[in-house]
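Engineer: Sequence plus the predicted model coming up.
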Amino acid sequence: MSDSLRTAHTGELPPRTLDAIRAMLDAAFDGDFGDEDWDHGLGGVHAWVRDERGVAAHGSVIMRRVAHAGRSHRVGYVEAVAVRPDRRRQGLGGRVMAALEEVIDGAYAFGALSASEDGVELYRGRGWQLWNGRIEAYGPDGVVHLPDEEDSTYLRPSLGRLLPAAEDGALAFDWRDGDVL
């Protein structure tokens, strides 16, 4: 069996597929992938690679609202990107990201993600750009500054669109439980 790339919305995936994706993510993140992390990756489009052992790589893109310079943008936010340890450095992460970027190009103003140290090389190599401005979120008690996210938030323009400019103000993300970004 050769590797096969698939895409589908969360609502189209049977429980056994979701369970297999979650199990791979748990293993790939070495136990540092919690229920809130899983929840963040649901409700959008998943891209995953299957091989003879099961799910080898995964990522999803979900919709988030981001305010910037007086406008609210519909953003494709990339979540739950991982490659099974035995398949790393074989191009699977790039295949998953290419599928997610196609979704972003067709449906969103721009793409955003919070990169781990391990993921930075993949995202930069694909043209994602580090946001050099302030990061905030609309929290239950008002706007919250997220300085820890300011060195790991990457953006990617959709086809034919420009990215927000840091000098025009902060990116303010919608609130969610767990890690906001």
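Structural biologist: Thanks, I have it. Numbering: from 1, shown residues only.

Engineer: Quick one: low-confidence residue ranges for this protein.
Structural biologist: Within the chain, the ranges that satisfy pLDDT under 70 run 1.

Engineer: just the strands in it please.
Structural biologist: In the chain, the strands defined using DSSP state E lie at 4-9, 45-51, 54-68, 71-83, 110-114, 129-130, 135-139, 142-145, 153-157, 171-174.

Engineer: Mind giving me the packing neighbours of the fourth one?
Structural biologist: Using 3 or more C-beta pairs under 8 Å, 6 or more residues apart in numbering; DSSP states H and E as the contact criterion, the neighbours of strand 71-83 among helices and strands are helix 15-28, helix 35-40, strand 54-68, helix 92-107, strand 110-114. Where you see a C-beta, it was placed from the backbone N, CA and C, and this is true even at glycine.

Engineer: who's in contact with stretch 49-58?
Structural biologist: Here stretch 49-58 makes contact (C-beta atoms under 8 Å, 6 or more residues apart in numbering) with 1-6, 20-21, 23-25, 46-48, 80-84, 86-87, 92-93, 95-96.

Engineer: ok, and the closest non-adjacent residue to the residue nearest the centre of the chain?
Structural biologist: With distances taken as C-alpha atoms, centre = their mean, the residue of the chain nearest its centroid is residue 78 (1.4 Å). Nearest residue to residue 78, sequence neighbours excluded (C-beta to C-beta, 6 or more residues apart in numbering): residue 113, at 3.9 Å.

Engineer: residues near the one you found, how many?
Structural biologist: 24 (other C-beta atoms under 10 Å).

Engineer: Residue 120 too?
Structural biologist: Residues lying near residue 120 (other C-beta under 10 Å) number 14.

Engineer: show me what contacts it?
Structural biologist: Neighbours of residue 120 in contact, by C-beta under 8 Å, 6+ apart: residue 152.
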